[in-house]
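Undergrad: Take this sequence and fold it.
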Amino acid sequence: MSTPARYPVPAGRHRVEEEVSRSRFITTLACVESIDAATAFVGDVRREFDDATHNCWAYVVGPPGDTGRVGMSDDGEPHGTAGRPMLTMLLHSGVGDVAAVVTRYYGGTKLGTGGLVRAYGGGVQKALATMPRGEHVEWTTIEIVVSYAAVSAMQQIFPAFEAEVVAERYETDVRYEVRLPGAGVAGLRAAVLDATRGQARITQPSSPGSTPGSS
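TA: Numbering: from 1, shown residues only. The predicted structure follows:
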């Protein structure tokens, strides 16, 4: 199964808070593109709420629903009542590269196993419902060499494939270095070759990268 070239991610840190049976639950979400980033995010929230009763967490690094790089912790709550329902919500959210920390300040009333599952899973669900979303995009850089006669056509083709001109040089021919989502490379190549009757030279000088962006 191939990895999608683009998918929804959190646009930034997002937080919601609610009270359940006198306990205060604070859910914080963030975009994390590596396990190290997820660990650092959890550490940040722990330090921010270092007086809390629990800081339970879960994360999914990678595309939505991918279980290859996931993690979770009940942080002292009964086994399976916090990290697992949080992770389940993240895996079914349609969002990738996402981490959640649910901070609990105990209010004196025990919630029971079912109540804890609903509180922790529900906190993540509520946060996801209001979270601003961005987009993870796999980017590819390619070099295109065309004749001067094809410049006007290139100026029309590039925007159609979200191709950004990183550099351009006017020599014997016109040489463009463009950056675009990897999923559009085949289409751009076909459009350029069609517009130049197969005379364009197209190479891929660098490997793909990725970056989150707003949507």
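Undergrad: Give the helix, strand or coil label for the most centrally placed residue in the chain.
TA: With distances taken as C-alpha atoms, centre = their mean, the residue of the chain nearest its centroid is Val9 (3.1 Å). Under DSSP: H, G, I helix; E, B strand; the rest coil, the three-state class of Val9 is strand.
Undergrad: ok, what's across the strand from it?
TA: The residues paired with Val9 through beta bridges, assigned by DSSP bridges, are Gly134.
Undergrad: so it makes contact with Met131?
TA: No. In this structure, Val9 sits apart from Met131 without contact. The criterion is C-beta atoms under 8 Å, and the distance is 9.9 Å. In short, each C-beta sits where N, CA and C put it, glycine included.
Undergrad: Now for these two: what residues contact both?
TA: By the contact definition C-beta atoms under 8 Å, 6 or more residues apart in numbering, Val9 and Met131 are jointly contacted by Val95.
Undergrad: Next, work out how far apart the nearest residue to Gln204 once chain neighbours are set aside and Ser152 are.
TA: Using C-beta to C-beta, 6 or more residues apart in numbering and skipping residues adjacent in sequence, the residue nearest Gln204 is Ile142, 5.0 Å away. Using C-beta to C-beta, to the nearest Å, Ile142 is found at 20 Å from Ser152.
Undergrad: Compare neighbour counts for those two and give me the winner.
TA: Under the criterion of other C-beta atoms under 10 Å, the comparison of Ile142 against Ser152 puts Ile142 first, with 19 against 10.
Undergrad: mind listing what that one touches?
TA: When contacts are counted by C-beta under 8 Å, 6+ apart, Ile142 is found next to 177-178, 180, 185, 188-189, 202-205.
Undergrad: same deal with Tyr106?
TA: By C-beta under 8 Å, 6+ apart, the residues touching Tyr106 are 23, 53-54.
Undergrad: run the last query once more with 10 Å
TA: Neighbour list for Tyr106: 22-24, 52-54 [criterion: C-beta atoms under 10 Å, 6 or more residues apart in numbering].
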